[in-house]
Each structure stands twice: as C-alpha cells, then as structure tokens.
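> Provided below for reference: sequence and predicted model.
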Amino acid sequence: MAPLSWDLQLLNVCAALLLLLAFAMLSQRRIVTLVDLLALQGAVLCVATALVAWRTGKSHLYLSALLTLGLKVLFLPWLLRRLIRRLDVYWDTEPMANIGGTMLLGLLIVIFAFGLAQPISALANTSTKSTIGIAVAVTLLAFLTMITRKKAMSQIVGFLSMENGLFFAAMSATYGMPMVVELGVALDVLVAMLVLGVFFFQIRERFESLDLHHFESLKEEK
Amino acid sequence: MNVIALLTQGLEIIVAVAAAPLFLGWINQCRAWLQNRSAPSVLQPYRTIQKLFNKDAVIAANSSALFRVAPYIVFGAMTLAAAIIPSMGTRLPFTAAADAIALVGLLATARVFMALAAMDSGTAFGTLGARREMMVGFLAEPALLMVIFVASLISATTSLPAISEHLTTEAIGLYPSLAFTAVAFTMVLLAENGRIPIDNPATHLELTMIHEAMLLEYSARHLALMEWAAALKLFNYACIGFALFLPWGIAAGAAAPNALLLAIPVLAVKLVLAGSGLALIETVSAKLRVFRAPEFLATAFLFAVLGLLVHLLLGA
C-alpha cells in the first residue's frame, strides 16, 4: 500500500477516534461521563478541522476549528455540567438493558453507513474523501444513541454528537460548509441548548423526573 | 529446511516451556509490588510445579480415562501452539503446517478438553467452571479471529511468521486499525487467561471462579501439568501479541545465528514490559460480575471489527 503523508495519517487517526467515541457514547451508562465524551469528541473534531485547514490552506476552516473549540469543547459541556449540577442528576445512570445488542446493531449501522458513503466518496474530489463513511457512521450512531435513551439529558448529548458528525461529514466531503451556514448552525445549536435547558426544569417540575417515557402517558391523565 | 531453522524451532519450544512459569512469577511479583505487599520469589511457580510432581495423584473414583489424559492433551496443545508462534525467529519449519486460524483452533481444542475433563468427575463446581469457561470462550474466539483477520488483511497472509515479517519490513506508519485491534487483543488475552476483569487468578475457592473451578478435582502431576499449561497459554498469548503488534527485534527471514541470539534478550525485554503492563491493568481494574463478561467481550469484538472496518475504509 502506498504510504500516506503524515497529516493524512493523523487525520485518519482522528476519524477512527471519532468513531470510537461514538461507540463509547452508545455504551456509556453514566450521564456525566457522557458529557465528558462529548467534549472529547469536540476536541478531536477541532484537531481534525485544524489539520484539514493546515493541509488545504483554507483560512475559514481555522475559524470553524476555533468555533468548535469554543462552543463544543468548552461552552456546551460547561453548560451541560452546570445543568446536571442544578438539576441534581449528577449520579444518574441510564438503565440500559442490552448494551451488547445495541453495540452489535451499531456495527451493522457502521457497515450500512460505509456502503452508503461509497458513491459519495467516489464523487468527492477532496483528499479527505475516505473519511466520509466514518462521518456518516458517527451521525447515525449518535442518532441511535438518541433512540435508545430515555433520559432527556442523554438525548441532548446524542443530538449534539449528531451535529458533530454532520460537521465532520461536511468537512470531509467539501472542506466545510460556507462560513455563513456554519455560523448559523452553531447559533441554532446554542439557542436550542439554552431553550432546552429551561425546558428541562419545566419537564422536571411537571413529572418530577427527566425520564421522557412519562410523555407517553400524557393523554390518559386527568 | 536447514539446520538453523530447526535450531530456531527447537529453541522456541524450549524457551516457551521453560520460561512460561517465570513469566507468571514476574506478573505476580509486579502485582505484589503494586499492591504494596511482599511478593513470593519469581521462581515460586517452578517450586509449585516441582512440589506437585512429587506428590501422589488422587483421582475421583467415578471419573473416566478422559480425566487422566486431558492434562497431557492440554499441555501438548499449548506446547504445539508455542511451536507455531514466531516469538524469536520467523523461519520456523512447523509453521508451514499451521497458520493463525489453525492456532486458534489448537487453543480451542485445549479449552474443550479442559471443560470436558472438568465435567467428567461430575462435581457441581467443575461443571459450573466448565460452563463459564465455554461462555467466555465462545465470546472471546470471534474477537481473537477478527484481530487476526485485520493483521492478515494488512499483510495479505494468515501465516503468523509472514505477518510479523511484513510488519517489521513495512515503513512505520500510524495504523488506527492495528491500534484498535491491539486493544481488542489485550481484552481477549485478559479474558482467555482468567485474568482480573473476568476471573481472579489469585483466589482459590470462590463462587465466581472459572479457571480454578475446572481444576478442583485435579491433584499432583495432573494439576502440575494443568498449571504449567495455563502459564504456557499466557506466555503464548503474549507472544501472539508481540508477533502481531510489536514484531520488531525478531530474527526475520533467513536469519543468521547472531540475529537469533539478539532476539532472545529482545523477547525478554518485551515480556518484562508486557508482564508489568498486565499487572498494572489487573491492579487498577475490578473484577466484573460474571453476567457482565459478555459485555466486556462484546466490546473486544467491537474493537476488532472496528479495526477491520477502519482498515477497509481508510486502508490504514
């Protein structure tokens, strides 16, 4: 096999780490650790973005790496931790029945995502095109994380992780979205987080729990 | 087939059989240091084996011949496995007959006979241990095979010496796939050898034991062989790990005798480091409940398959 240049090798390592972290989130029971993993995923994404920026010389990618660092590594995890403290769910764990089964399902999803991304990779003309499959897989795995969780907090973490995956997909397919779109998405995520933070308190006041399956019994009450 | 190749082959078997208890003793020494207690001498496993060989064997009245031959089969399988793992040189005449998949089969043969012998005398503990061992085995085996497949894909062969030869000659690069599979392999090693997250090697007579439960009915020379085979199994696993992930320093190709002489201290250094690393892992982790073992091994399998997928996608 032809030896790759070191920056591309490092990028591949970053992509592999993102995939690994997605699986770690899928199998993590403790909510605080889930937030730590999210911050770590953001950090890896930031490194990957900076690497692509260095490789292609596109200055707006440096900006989005900075944005990732500020928003996804520092601010959002801080906000989530603060929420966890104030909601007093620090020691909460998610009762998950079958982690092994979920992970095997995750593996199938990864294979599906790799197959799905193959035609896209064939069309893309970026040097990072081989990582598109991983980006799609990370997005779908985050989606699976959201589906398998019942607690509102871990669903939010899944949502943010999905955004990470989408961001990485855009970066590997086309070297990132236009700056305006990226800023818009970042703002959206931020506002969504702030609104949901308020929402959590309302949910807990109403149901005395953050477990979302209480929503299902809403109609039968009264 | 020349004289040096035969010499290498003989040396590998002798070193493996002779040094396996020492490796076990070294791990126990490291564990004792980390746990702040004074350790038995590193030669303790040899003393135990010698003591057991000098005793009279007691065999359960209702056990069959299988019970008596099993230790010899298990020990033989492990010795044969040691012969086809390239721990020092890659020109091994025996490896033409068996590749890495056959090696996994050989290890499985030993496991099956051990479990059958444990069930043979009909005690509750033996059956319990055998069932648990088979549960761990059937989960660990696919993970081990996946690990071997990744290394095989990278070097386009399933022969272990050829894999290590390929990896030593290849320019050093970052292989995310190999990193994943190395983690998976470590987890399989811990599970297969009854080390701490799955089984506690230091306890005897505990309800959660796996390996010890299977050996409860054995005594004297049979027990000595079983213990020796267990040490040899650990040694073999360590050497498989070196062959796949740290092949540097072994005498590759049609090696001169001096390369072979150099390979012995290199192997010793690797074993010392691996032993202390293993002791560290065992000290910082807690034993899992038996029902959590499938989760642990599913994670190992996941790591190995991720390695495979990452290799297929990124080619690295």
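Now that the structure is in, tell me what you want to look at.
> can you count the residues close to the residue of the stretch 101-250 of chain B found nearest chain A?
Relative to chain A, the nearest point of the stretch 101-250 of chain B is B:Pro176 (3.6 Å; CB to the nearest CB). No exception for glycine: its C-beta is placed from N, CA and C like everyone else's. Residue neighbour count, defined by other CB atoms under 10 Å in any protein chain shown, stands at 23 for B:Pro176.
> Quick one: residues contacting it.
When contacts are counted by CB atoms under 8 Å, 6 or more residues apart in numbering or on different chains, B:Pro176 touches A:Asn12, A:Val13, A:Ala15, A:Ala16, A:Leu17, B:Gly307, B:Val310, B:Leu314, B:Ala316.
> Let me see the confidence value for the third one.
When you say that, I think you mean A:Ala15. Note on A:Ala15: pLDDT of 88.
> Which of the helices or strands spans it?
Using DSSP states H and E, A:Ala15 sits in helix A:6-27.
> So which residue is dead centre in chain A?
With distances taken as CA atoms, centre = their mean, A:Ser161 lies nearest the centre of chain A, 1.2 Å away.
> How much space separates B:Ala298 from B:Thr157?
28 Å (CB to CB, to the nearest Å).
> Settle it for me: which of those two has more neighbours?
Comparing B:Ala298 with B:Thr157 by other CB under 10 Å, the one with more neighbours is B:Ala298, at 22 against 16.
> circling back: next, the buried residues of the helix holding A:Ala15.
Buried residues in helix A:6-27, counting neighbours by 16 or more other CB atoms under 10 Å in any protein chain shown, are found at A:8-27.
> tell me the secondary structure for B:Ala57?
When classified by DSSP: H, G, I helix; E, B strand; the rest coil, B:Ala57 comes out as coil.
> And the nearest residue to it once chain neighbours are set aside, how close does it get to B:Ala115?
Excluding its sequence neighbours, the residue lying closest to B:Ala57 (CB to CB, 6 or more residues apart in numbering or on different chains) is B:Ala220, at 3.8 Å. B:Ala220 sits 21 Å away from B:Ala115, going by CB to CB.
> Please apply the same query to A:Gln41.
Distance from A:Gln41 to B:Ala115, by CB to CB: 42 Å.
> Please apply the same query to A:Ile111.
To B:Ala115, A:Ile111 is 33 Å away according to CB to CB.
> what about those two, which has more around it?
Taking other CB under 10 Å, A:Ile111 and B:Ala115 do not tie; B:Ala115 has more neighbours (21 against 15).
> can I assume A:Tyr90 sits in a strand?
No: according to three-state DSSP, A:Tyr90 belongs to no strand; its state is coil.
> Touching, it and A:Val32? I think so.
Yes: the criterion here is CB atoms under 8 Å, and A:Tyr90 meets it with A:Val32 at 6.1 Å.
> what sits in contact with each of the two?
By CB under 8 Å, 6+ apart, the residues touching both A:Tyr90 and A:Val32 are A:Ile84.
> who's more crowded, those two?
Taking other CB under 10 Å, A:Tyr90 and A:Val32 do not tie; A:Val32 has more neighbours (18 against 11).
> what about the more buried one, helix or strand, and which?
Using DSSP H and E, A:Val32 sits in helix A:31-56.
> Show the average pLDDT along that helix.
Average pLDDT, helix A:31-56: 89.
> Run the angle between that helix and helix A:6-27 for me.
Relative orientation of helix A:31-56 versus helix A:6-27 (axes from the mean of the first three to the mean of the last three CA atoms, to 10 degrees): 160 degrees.
> in the following helix or strand past helix A:31-56, what counts as buried?
Per DSSP H and E, helix A:31-56 leads on to helix A:59-68 as the next helix or strand towards the C-terminus. By 16+ other CB under 10 Å, the buried positions in helix A:59-68 come out as A:Leu61, A:Leu63, A:Ser64, A:Ala65, A:Leu67, A:Thr68.
> so how far is stretch A:57-76 from its chain's centroid?
Relative to its parent chain, stretch A:57-76 has a centroid offset of 15 Å by CA atoms, centre = their mean, to the nearest Å.
> now do the same end-to-end measure for it.
From its first residue to its last, stretch A:57-76 covers 28 Å (CA to CA, to the nearest Å).
> residues making contact with that stretch?
Outside stretch A:57-76, the residues that reach it (CB under 8 Å, 6+ apart) are A:38-39, A:41-43, A:45-46, A:49-50, A:52-53, A:160, A:164, A:167, A:171, A:175-176, A:179, A:182-183, A:186, A:189-190, A:193.
> Return a selection command, for use in PyMOL, containing the buried ones of those residues.
Restricted to buried positions by 16+ other CB under 10 Å, the PyMOL selection for the contacts of stretch A:57-76 reads:
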select buried, chain A and resi 38+39+41+42+43+45+46+49+50+52+53+160+164+167+171+175+176+182+186+189+193
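> May I ask you to confirm that A:Met193 belongs to a strand?
No: using three-state DSSP, the assignment for A:Met193 is helix, not a strand.
> Select the helix or strand of the chain having the lowest average pLDDT value.
By default, I'm working from chain A. Lowest by mean pLDDT, DSSP states H and E among the helices and strands of chain A is helix A:179-207, with a mean of 80.
> Chain B, not that one
Scoring the helices and strands of chain B by mean pLDDT, DSSP H and E places helix B:160-169 at the bottom, with a mean of 79.
> List the buried residues for it?
Buried positions in helix B:160-169, judged by neighbour count with 16+ other CB under 10 Å: B:Leu160, B:Pro161, B:Ala162, B:Ile163, B:Ser164, B:Glu165, B:His166, B:Leu167, B:Thr168.
> filter those residues by proximity to chain A?
Checking these against chain A by CB under 8 Å from any CB of the partner chain, not one of them is in range.
> what's the helix holding A:Val32 packed up against?
With contacts defined as 3 or more CB pairs under 8 Å, 6 or more residues apart in numbering or on different chains; DSSP states H and E, helix A:31-56 has these neighbours: helix A:6-27, helix A:59-68, helix A:76-87, helix A:152-174.
> Measure how the third one sits relative to helix A:179-207, angle-wise.
On the basis of the same axes, to 10 degrees, helix A:76-87 is oriented at 10 degrees to helix A:179-207.
> for helix A:76-87, the distance to its chain's centre please.
17 Å.
> State the mean pLDDT of it.
Rounded mean pLDDT across helix A:76-87 is 86.
> now swap in stretch B:76-90 and tell me
Stretch B:76-90 comes out at a mean pLDDT of 86.
> Between its first and last residues, how far does it reach?
End-to-end distance for stretch B:76-90: 22 Å, by CA to CA.
> quick one: the residue nearest to the centre of chain A and B:Ala81, what's the gap?
For A:Ser161, the distance to B:Ala81 (CB to CB) stands at 43 Å.
> Next: A:Ala152.
A:Ala152 is 52 Å from B:Ala81, where distance means CB to CB.
> Settle it for me: which of those two has more neighbours?
Using other CB under 10 Å, the more surrounded residue of A:Ala152 and B:Ala81 is B:Ala81, with 26 against 19.
> tell me which residues in the helix or strand hosting the more buried one are buried?
In the assignment (DSSP H and E), B:Ala81 maps to helix B:65-84. By neighbour count on 16+ other CB under 10 Å, the buried set for helix B:65-84 is B:67, B:70-71, B:73-84.
> The helix or strand containing A:Ile109 - contacts with which helices or strands?
Under the criterion of DSSP H and E, A:Ile109 resides in helix A:99-123. Packed against helix A:99-123 by the contact rule (3+ CB pairs under 8 Å, 6+ apart) you find helix A:6-27, helix A:132-148, helix B:293-314.
> Switch those helices over to a markdown table; also include distance to B:Leu261.
Formatted as a markdown table, the helices and strands packed on helix A:99-123 follow (distance: least, CB to CB, whole Å):
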| stretch | distance to B:Leu261 |
| --- | --- |
| helix A:6-27 | 35 |
| helix A:132-148 | 45 |
| helix B:293-314 | 34 |
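> quick one: which of the ones you listed is nearest B:Gly25?
Comparing these against B:Gly25 with CB to CB, the closest turns out to be helix B:293-314 (26.5 Å).
> How many neighbouring residues does A:Thr93 have?
Look at A:Thr93: counted by other CB under 10 Å, it has 14 neighbours.
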